[in-house]
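Novice: Sequence plus predicted model, see below.
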Amino acid sequence: MPTLEPDQYITPLPSEAERWQEYQTVFAGRLLSFHPVEEVLCEWLLLGRADQELYAWAYCATTVTIGDTGHYSGSSVPVVIKLGPDGSVLSVDIPGSGSAYSRDIRKMFPADVQEMVFSHQDFIRRLTEHLDWRRSEAPDEPPLVVLDVLED
């Protein structure tokens, strides 16, 4: 099973880790809205936090292939998660595509998070590996980023 290096992400708070299914459902609905959320698994990595916002990289992919192609649909993108006072997810914002992408990253994320987003660190590969493992072996397992928190 893939692992993450601790210096590559911010550890979720226990309350955030316990809500991993809520996060997955919201990410699935936002990133792959054209698929039923129950056919989507998501992985994410927390890159920063400020007040009632979390900055993350989210990767979602379907658990079923597209037609007879043998391929899965997926989306990998930085996100801003807005939280309610009770810790519930109010919304997930994503940057625009094409020429809007860089401009939106600079508006949406603090400078240290922008640097991580633009560097496309190795964590994206690890998120993909863990999601592939979950899809084939253990779809009910939580995302990689919350495993350590939930095991404590």
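Specialist: Happy to help now that I have it.
Novice: Tell me how far L31 lies from C42.
Specialist: Between L31 and C42 the distance is 7 Å, computed by CB to CB, to the nearest Å. Where C-beta positions appear, they are placed from N, C-alpha and C, glycine not excepted.
Novice: overlap in contacts of these two?
Specialist: 58, 60 (CB atoms under 8 Å, 6 or more residues apart in numbering).
Novice: more crowded one of the two?
Specialist: C42 (26 against 22; other CB atoms under 10 Å).
Novice: what's the pLDDT at that one?
Specialist: C42 is assigned 95 on the pLDDT scale.
Novice: strand partners of the helix or strand harbouring it, parallel vs antiparallel please.
Specialist: Per DSSP states H and E, C42 falls inside strand 40-50. Strand 40-50 sits in its sheet next to strand 53-62 (antiparallel), going by DSSP bridges.
Novice: Next secondary structure element downstream of the partner strand?
Specialist: strand 74-83.
Novice: Please point out which parts of that next one sit buried.
Specialist: The neighbour-count check on strand 74-83 (16 or more other CB atoms under 10 Å) flags 74-81, 83 as buried.
Novice: Please, where are all the helices along this structure?
Specialist: For the chain, the helices defined by DSSP state H occupy 14-18, 20-31, 100-108, 111-119, 123-136, 144-151.
Novice: Provide a list of residues in contact with K82.
Specialist: Contacts for K82 (CB under 8 Å, 6+ apart) come out as 52-53, 89-93.
Novice: repeat that for 6 Å
Specialist: 53, 90-91 (CB atoms under 6 Å, 6 or more residues apart in numbering).
Novice: Equivalent analysis for A58, please.
Specialist: Applying CB under 6 Å, 6+ apart to A58 gives the contacts 27, 44, 79.
Novice: and what of M116?
Specialist: With contact set as CB under 6 Å, 6+ apart, M116 has these partners: L47.
Novice: How much space separates it from P12?
Specialist: Applying CB to CB, the value for M116 to P12 is 16 Å.
Novice: do the same with M108
Specialist: Applying CB to CB to M108 and P12 gives a distance of 20 Å.
Novice: Low-confidence bits of this structure, can you list those?
Specialist: By pLDDT under 70, the weakly predicted segments of the chain are 1-8, 120-121, 148, 151-152.
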